[in-house]
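Colleague: give me coordinates for this.
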Amino acid sequence: MKYLIAFATLAATASQVSAICPGFNYAIGNQIVLGGGYSRWNVYDDSCNVADGLTTNGNPCDQGIFGCSPPPILFDRYTSTVTGLIYACRPDPNSGVCGSDVISVCCRNDGN
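Modeller: Sure, this is the predicted structure:
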């Protein structure tokens with residue numbers, strides 16, 4: 001019984017620390033509607049901490065932090081407002097969820 005409890009605890013802990021985008025630097029969540037015409041997109045690190053993001057009542061593709069693909073529109077680039085580094089982004093089947101925010105794309109530094 002002691003071993004079963006220890007194993008269950010270990011398994012739960014391991015699932016909590018797994019990366020939300022394995023092999024990537026950052027993850028971008030889906031649109032969060034704030035009301036009054038404003039929306040927010042969070043940029044998460046591997047621990048689901050909000051590392052950056054954008055709140056706007058405009059087109060997120062025109063704000064400078066995100067680059068967008070042709071339709072169907074996805075964020076294909078993220079420029080850190082903290083460091084200025086540019087990250088290439090794409091959907092990844094191994095991406096996860098931060099709280100209730102489902103990850104839309106994963107981003108990796110492209111060397112710029």
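
Colleague: all strands for this structure, in order.
Modeller: Along the chain, counting by DSSP state E, strands occupy 26-29, 32-35, 38-44, 50-56, 66-68, 75-79, 86-90, 97-98, 101-109.

Colleague: of all those, which one comes closest to residue 20?
Modeller: Residue 20 sits nearest to strand 26-29 of all the strands of the chain, at 4.9 Å, using Cβ to Cβ. All C-beta spots, glycine's among them, are computed from the backbone N, C-alpha and C.

Colleague: how far away from the center of its chain is that closest one?
Modeller: 1 Å (Cα atoms, centre = their mean, to the nearest Å).

Colleague: on that earlier part again, most tightly surrounded among the strands of the chain?
Modeller: strand 26-29 (a mean of 25; mean count of other Cβ atoms under 10 Å).

Colleague: so what's the residue nearest the centre of the chain bridging to?
Modeller: The chain has residue 27 as the residue nearest its centroid, 2.1 Å off, counting by Cα atoms, centre = their mean. Residue 27 forms beta bridges with residue 44, residue 106, as assigned by DSSP bridges.

Colleague: ok, now which ones touch it?
Modeller: 20-21, 43-44, 46, 95-96, 98, 103, 105-107 (Cβ atoms under 8 Å, 6 or more residues apart in numbering).

Colleague: now render the strands of the chain as TSV, adding mean pLDDT.
Modeller: Output for these, formatted as TSV (pLDDT from 0 to 100):
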stretch	mean pLDDT
strand 26-29	98
strand 32-35	97
strand 38-44	98
strand 50-56	97
strand 66-68	97
strand 75-79	97
strand 86-90	96
strand 97-98	96
strand 101-109	96
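
Colleague: just to revisit the earlier point, now the residue nearest to the centre of the chain: how far from residue 36?
Modeller: 26 Å (Cβ to Cβ, to the nearest Å).

Colleague: what's the answer for residue 99, then?
Modeller: 22 Å.

Colleague: do the same with residue 21
Modeller: 31 Å.

Colleague: which of these two has more residues huddled nearby?
Modeller: residue 21 (23 against 7; other Cβ atoms under 10 Å).

Colleague: pLDDT at the more buried one, what is it?
Modeller: At residue 21, the predicted lDDT confidence score is 95.
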